[in-house]
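*Asks:* how would this look folded up:
(one chain, ligands or ions: 1)
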Amino acid sequence: MEKKSQERERFSTGLAVFFATLSSAVGLGNIWKFPYLTGNYGGGAFLLIYFICIVLVALPVMISEMYIGRKTRKNPIGAIAAIKSRGPWKIIGYMGILSAFFILFFYSSVAGWVYSYIFKALSGTFANSSYKELDNIFNKTASSPVAPIIWQFVAIIVVASILVLGVKKGIERMTKVLMPVLLILIIICDIRALTLPGAMQGVAFIFKVDFSSITKEVILMALGLSFFKLSLGMGTIITYGSYFTSDNNMIATAGKVAVSDTIVSLLAGIAIFPAVFSFGMTPQQGPGLLFKTIPLVFSKVPFGGVLIVLFFVLSAIAATTAMLSMLEVVVTYFVEEKKVSRRKAVLLCSTIVLVIGTFVTMSQNGANPVSKIKPFGLSLFDFFDQASSNVLLPLGGLLIALFAGYVIDKKDMKTELSNYGELKNKKLIRIYTFLVRYITPVLLFIVFMSMIGVWG
Ligand code: PFF
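*Replies:* You can find the predicted model right below:
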């Protein structure tokens with residue numbers, strides 16, 4: 001007989017909580033966004049601004065999400081409703097579900113490219129290729145009619161098969177192994193990169209301090225990045241928070257995750273840029289950096305063939321564990337609010353991602369009629385990317401901050417964040433309460449306004 005009401009799962013230890021939350025934060029953002037932005041917008045100066053954004057904006061939202069999740073032990077929609085059943089606040093949960101799907105539609109496409117590059121690297125496809133050849137390989141990878149869709153399927157099936165196993169046997173077991181593996185792989189790449197001739201120029205690119213390149217736009221970019229990086233504003237951390245152990249020190253966990261995620265981003269930068277400079281290339285952002293520059297420069301260094309494989313394996317790990325956390329948001333919603341079994345929910349959600357994701361991947365192929373569909377003048381790929389990063393996430397974050405600052409009972413928040421008085425962190429709680437009421441929402445409002453100002 002099927003068990004009707006299964007006990008809600010939780011992570012088993014503090015370490016599991018840390019690795020799972022970190023595995024959501026660490027993703028493709030660490031590899032193709034963060035190092036480039038840091039290098040191009042003032043190095044150490046950008047880092048300083050990024051840290052300020054983390055403290056003033058990202059951490060307060062992260063702690064709020066953790067509180068909402070652990071307090072209610074529910075999915076984002078159920079969690080918000082459990083705290084405040086009336087009024088418009090439930091929209092936070094619905095927007096979260098929408099954002100999770102939107103990000104998955106294009107992120108799974110990129111994850112598919114990453115998976116395919118592991119096998120291309122293994123078969124030596126990149127050896128001795130020129131930049132032009134690598135450009136061709138990438139264009140073919142992204143815009144072939146069938147192959148990218150199959151790889152996207154593979155990436156989604158891997159994520160779905162882990163999620164079917166549940167919170168402990170799936171998410172916890174995988175992330176506890178994969179996070180340390182990822183770290184070891186990055187460090188191996190770092191050691192190789194730092195021993196290249198001229199490596200220090202690459203390191204200087206990331207760490208030089210140049211305040212003159214900091215403009216208003218750069219500050220906004222750092223704010224947006226801190227948000228996307230830490231998977232905030234869409235209920236991911238509410239969902240993972242709902243699995244936290246009751247004795248977890250949530251403020252400390254949030255801090256540790258933010259610091260570790262930034263370290264991973266810097267280590268990725270250190271793995272990439274020395275080689276880029278060593279071969280006289282100019283750093284670039286996005287797919288170009290990951291899929292063209294990296295195969296090009298790594299193929300020229302001794303043991304580079306192995307290095308390319310390792311680098312794409314670690315990128316695939318990062319992409320996969322980030323996707324786990326996004327899909328889990330929608331899966332828990334269906335399990336708890338629509339009362340379907342976990343297995344069915346995973347099947348349903350991954351099918352939705354597969355179907356719409358296929359259209360997103362097809363939109364990259366100019367010969368396919370799907371590429372003519374242009375909501376707001378954007379390709380489907382760019383539409384889902386921009387609608388989530390520029391609109392849904394900052395708006396979601398703003399609403400979460402307002403909800404935490406003005407709707408949630410302050411006393412209860414204190415009790416929960418101090419684990420019923422067990423932790424001696426009164427001062428930190430006071431700082432958090434001040435930020436989440438007066439600083440975080442104001443800054444997020446500014447970001448949101450500027451983001452929709454550039455919309456279209
Ligand atoms: N934090 C991930 C990255 O940096 O790639 C992206 C992400 C994951 C965003 C999960 C949002 C999310 F819910």
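*Asks:* Okay, buried residues for stretch 269-286 please.
*Replies:* 269-279, 281, 283 (16 or more other Cβ atoms under 10 Å). Just so you know, the C-beta spots here come from the backbone N, C-alpha and C atoms, and that holds for glycine as well.
*Asks:* Please identify which of those residues is nearest to the ligand.
*Replies:* residue 269 (13.8 Å; Cβ to the nearest ligand atom).
*Asks:* Does the one helix or strand in the chain whose mean pLDDT sits lowest pack against any helices or strands, and if so which?
*Replies:* In the chain, the helix or strand scored least confidently by mean pLDDT, DSSP states H and E is helix 287-288, which has a mean of 77. With contacts defined as 3 or more Cβ pairs under 8 Å, 6 or more residues apart in numbering; DSSP states H and E, helix 287-288 has no helix or strand neighbours.
*Asks:* What are the contacting residues of that helix?
*Replies:* With contact meaning Cβ atoms under 8 Å, 6 or more residues apart in numbering, helix 287-288 is reached by 32, 110, 113, 138, 142.
*Asks:* so can I have TSV of those showing pLDDT and neighbour count?
*Replies:* Shown next, in TSV, are the contacts of helix 287-288 (pLDDT from 0 to 100; neighbours: other Cβ atoms under 10 Å):
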residue	pLDDT	neighbour count
32	83	23
110	94	26
113	95	26
138	92	18
142	90	20
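*Asks:* Looking at the residues you listed, which is nearest residue 51?
*Replies:* Of all the contacts of helix 287-288, residue 51 sits closest to residue 32, with 20.6 Å by Cβ to Cβ.
*Asks:* so the closest one touches residue 290, yeah?
*Replies:* Yes - when contacts are counted by Cβ atoms under 8 Å, residue 32 is listed as touching residue 290 (4.8 Å).
*Asks:* Can you pull up the residues of the stretch 1-150 of the chain that come close to the ligand?
*Replies:* Counting by Cβ under 6 Å from any ligand atom, the positions of the stretch 1-150 of the chain adjacent to the ligand are 24-25, 27-30, 103.
*Asks:* Tell me which two of these sit farthest apart.
*Replies:* 30 and 103 (15.4 Å).
*Asks:* one step back: identify the contacts common to residue 32 and residue 290.
*Replies:* Joint contacts of residue 32 and residue 290 (Cβ under 8 Å, 6+ apart) do not exist.
*Asks:* quick check: longest helix of this protein.
*Replies:* The single longest helix within the chain, with elements called by DSSP state H, is helix 304-337.
*Asks:* Could you confirm whether that helix reaches the ligand?
*Replies:* Yes - residues of helix 304-337 are located near the ligand by Cβ under 6 Å from any ligand atom, namely 322, 325-326.
*Asks:* same deal with stretch 223-238?
*Replies:* Yes - on the criterion Cβ under 6 Å from any ligand atom, stretch 223-238 is in touch with the ligand at 228-229, 231, 234, 236.
*Asks:* What is the most widely separated pair among these?
*Replies:* Across the residues of stretch 223-238 next to the ligand (Cβ to Cβ), the longest gap, 13.0 Å, separates 229 and 234.
*Asks:* So between the two, which is more surrounded?
*Replies:* A count of neighbours by other Cβ atoms under 10 Å puts residue 234 above the other of residue 229 and residue 234, at 32 against 24.
*Asks:* so the residue nearest to the more buried one when sequence neighbours are not counted is in which element?
*Replies:* Spatial nearest neighbour of residue 234, excluding adjacent residues (Cβ to Cβ, 6 or more residues apart in numbering): residue 99 at 3.7 Å. Using DSSP states H and E, residue 99 sits within helix 91-122.
*Asks:* before we move on, what about residue 204?
*Replies:* Counting by DSSP H and E, the element that carries residue 204 is helix 199-207.
*Asks:* Residue 421 in helix, strand or coil?
*Replies:* coil (DSSP: H, G, I helix; E, B strand; the rest coil).
*Asks:* so who does it touch?
*Replies:* residue 415.
*Asks:* For the ligand, see how far away it is.
*Replies:* Distance from residue 421 to the ligand, counting by Cβ to the nearest ligand atom, to the nearest Å: 32 Å.
*Asks:* Phi, psi for that residue please.
*Replies:* Phi and psi for residue 421, reported as degrees, to the nearest 10, are phi 80, psi 0.
*Asks:* Output the below-cut-off pLDDT ranges for the protein.
*Replies:* Along the chain, the model assigns pLDDT under 70 to residues 1-6, 454-456.
*Asks:* hmm, back to that, out of the buried residues of stretch 269-286, which sit inside helices?
*Replies:* 269-278.
*Asks:* Pull out the buried residues from stretch 144-153.
*Replies:* 144, 147-149, 151-153.
*Asks:* ugh, wrong one, stretch 439-456
*Replies:* Those would be 439-441, 443-444, 446-448, 450-451, for stretch 439-456 by 16+ other Cβ under 10 Å.
*Asks:* Pull that stretch out as PDB, backbone CA atoms only.
*Replies:* Taking C-alpha atoms only, stretch 439-456 is exported to PDB below (Å, rounded to 0.1, in the frame of the first residue of the first chain):
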ATOM      1  CA  ILE A 439      18.300  49.300   4.000                       C
ATOM      2  CA  THR A 440      17.700  46.100   2.000                       C
ATOM      3  CA  PRO A 441      14.300  47.100   0.600                       C
ATOM      4  CA  VAL A 442      15.400  50.600  -0.400                       C
ATOM      5  CA  LEU A 443      18.500  49.300  -2.300                       C
ATOM      6  CA  LEU A 444      16.400  46.500  -4.000                       C
ATOM      7  CA  PHE A 445      13.800  49.000  -5.000                       C
ATOM      8  CA  ILE A 446      16.500  51.100  -6.700                       C
ATOM      9  CA  VAL A 447      17.900  48.000  -8.500                       C
ATOM     10  CA  PHE A 448      14.400  46.900  -9.600                       C
ATOM     11  CA  MET A 449      13.600  50.300 -11.000                       C
ATOM     12  CA  SER A 450      16.800  50.600 -12.900                       C
ATOM     13  CA  MET A 451      16.400  47.000 -14.200                       C
ATOM     14  CA  ILE A 452      13.000  47.700 -15.600                       C
ATOM     15  CA  GLY A 453      14.300  51.000 -16.900                       C
ATOM     16  CA  VAL A 454      16.600  49.100 -19.200                       C
ATOM     17  CA  TRP A 455      14.000  46.500 -20.000                       C
ATOM     18  CA  GLY A 456      13.500  46.100 -23.800                       C
END
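*Asks:* ok, and the closest non-adjacent residue to whatever residue of the stretch 51-200 of the chain ends up closest to the ligand?
*Replies:* Proximity of the stretch 51-200 of the chain to the ligand (Cβ to the nearest ligand atom) peaks at residue 103, 5.6 Å away. Take residue 103 and drop its neighbours on the chain: the residue closest to it by Cβ to Cβ, 6+ apart is residue 388, 5.0 Å away.
*Asks:* can you check residue 164 too?
*Replies:* residue 346 (5.0 Å).
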